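Novice: Predicted model, plus sequence, below.
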Amino acid sequence: MRYIAPAREAVDPSVFGFAPLHDWGEYNGWLCNARWPLMDELNARWPQHASERFVAQTYELLQDGLHYEERIAQRGLIATREENWHDLFNAMIWLRYPSLKRALNKQQAIGVAKLGRRERSRPQCAQTHFDEAGVVVMVRDPALLTLWDAHDWHGLFWRCRHAWQDGSIALEVFGHALLEHALTPGKLLVGKALVLSDNVADPEHAIAHCAEWIAEGRVLRDPQELRPLPLSGIPGWPAGNNVETFHLTTACYQPLREGRHYPAPLRMS
């Protein structure tokens, strides 16, 4: 069933105090005010050198005949629906992670040029999944990957809760649909993860590498590259996960499908 975001006036303000939305405090003026931000306010956040800008998605704009991704690649115009949570979160992701968004746009535009505006390749599907629900996960303890490989969610999120607090595993939320879904209290969120190993000390460094690999066409060539990660199991996320029973019974914890194997984590060295 397609998710329908609540109306702005119906959003429970408490959701902005929990992950993942509490990590976007610099945009609280856009998220918590009674009125929607104007397009000029969104564009005012771009650095001076940026080649993109947000434009209202109007009938007149769409008459250029371009695919959404083509319009960004050729004209630097990001069609944005006004008074729309999904597109507002997309704008926020563009502003925080422009290198990743540009890399995805480059590959999507290549796909459109090859297949046309109606067909979608497996790489395009992988890129879209990551764009909507992506997380970049940095794992320093290989034992955690063993648990993850087996979908041992009780082990990953309960027995090893400390790992999410001591830096053994960390993540950056990239998918704007994840932020939109978080507007509904108690909604169980599942991300689609690109995983990096090695001693990743700097999230910005990890993001830069992912952007480079995507732009070069080295990753996100198939949706099966992405690992599901039930984000609602992470300590501090708002799903009542501070009790063990959550990690034994919750619906977002799915068993490993027979024959499903995950690729090795990406390495920066």
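Specialist: Nice, thanks for sending it over.

Novice: I'd like to know how many residues surround residue 153.
Specialist: 21 (other CB atoms under 10 Å). Every residue, glycine included, has its C-beta placed from N, CA and C.

Novice: Now for it: which residues touch it?
Specialist: With contact set as CB atoms under 8 Å, 6 or more residues apart in numbering, residue 153 has these partners: 230, 233, 247, 253.

Novice: Mind picking the two most distant members of those residues?
Specialist: Pairwise distances across the contacts of residue 153 peak at 9.5 Å for 230 and 247 (criterion: CB to CB).

Novice: which residues are in contact with both of the two?
Specialist: Residues touching both residue 230 and residue 247 (CB under 8 Å, 6+ apart): 153, 157, 253.

Novice: Which ones among the contacts of residue 153 map onto strands?
Specialist: Assigned to strands by DSSP state E, the following of the contacts of residue 153 qualify: residue 230.

Novice: Need the phi and psi values for residue 228.
Specialist: Main-chain dihedrals, residue 228, degrees, to the nearest 10: phi -70, psi 140.

Novice: what does the helix or strand hosting residue 70 contact?
Specialist: Assigned by DSSP states H and E, residue 70 belongs to helix 68-75. With CB under 8 Å, 6+ apart as the test, helix 68-75 has contacts from 52, 64, 66, 77, 78, 79, 105, 106, 108, 109, 112, 117.

Novice: Please spell out which residues along it are buried.
Specialist: Of the residues in helix 68-75, 68, 69, 70, 71, 72, 73 count as buried by neighbour count, 16 or more other CB atoms under 10 Å.

Novice: From the chain's centroid, how far away is the next helix or strand along the chain from that helix?
Specialist: Next helix or strand after helix 68-75 toward the C-terminus (DSSP H and E): strand 77-80. How far strand 77-80 lies from its chain's middle: 18 Å, per CA atoms, centre = their mean, to the nearest Å.

Novice: Quick check: can you name the pairing partners of strand 77-80 and their directions?
Specialist: Here strand 77-80 is paired, per DSSP bridges, with strand 53-56 (parallel).

Novice: Quick one: mean pLDDT for the next helix or strand after the partner strand?
Specialist: Proceeding C-terminally, strand 53-56 gives way to helix 59-62 as the next helix or strand, assigned by DSSP H and E. On average, the pLDDT along helix 59-62 is 98.

Novice: roughly how far out does helix 59-62 sit from the chain middle?
Specialist: Offset of helix 59-62 from its chain centre (CA atoms, centre = their mean): 27 Å.

Novice: Against which helices or strands is it packed?
Specialist: With contacts taken as 3 or more CB pairs under 8 Å, 6 or more residues apart in numbering; DSSP states H and E, helix 59-62 sits against strand 77-80.

Novice: Quick one: mean pLDDT for the helix or strand just after the strand it packs on?
Specialist: Downstream of strand 77-80, the next assigned helix or strand under DSSP H and E is helix 85-96. Mean pLDDT, computed over helix 85-96, is 98.

Novice: these two touch, right, residue 240 and residue 247?
Specialist: No: in this structure residue 240 lies outside contact range of residue 247 using CB atoms under 8 Å: 10.6 Å.

Novice: Between these two, tell me which one has more neighbours.
Specialist: Higher neighbour count among residue 240 and residue 247: residue 247, with 19 against 11, using other CB under 10 Å.

Novice: so how far is residue 213 from the more buried one?
Specialist: From residue 247 across to residue 213, the span is 32 Å (CB to CB, to the nearest Å).

Novice: can you check residue 168 too?
Specialist: 23 Å.

Novice: how big is the angle separating whichever strand or helix holds residue 138 from helix 85-96?
Specialist: Per DSSP H and E: residue 138 is located in strand 134-139. For strand 134-139 against helix 85-96, the angle by axes from the mean of the first three to the mean of the last three CA atoms, to 10 degrees is 50 degrees.

Novice: Mind listing residues that contact the helix or strand just after strand 134-139?
Specialist: Counting by DSSP H and E, the element after strand 134-139 in chain order, helix or strand, is helix 142-149. Under the contact criterion CB under 8 Å, 6+ apart, helix 142-149 has outside partners 139, 155-156, 160, 163, 168-169, 195, 197, 227, 229, 256, 261-262, 265.

Novice: Packing partners of the strand holding residue 138?
Specialist: strand 169-173, strand 190-196, helix 203-215, strand 227-230.
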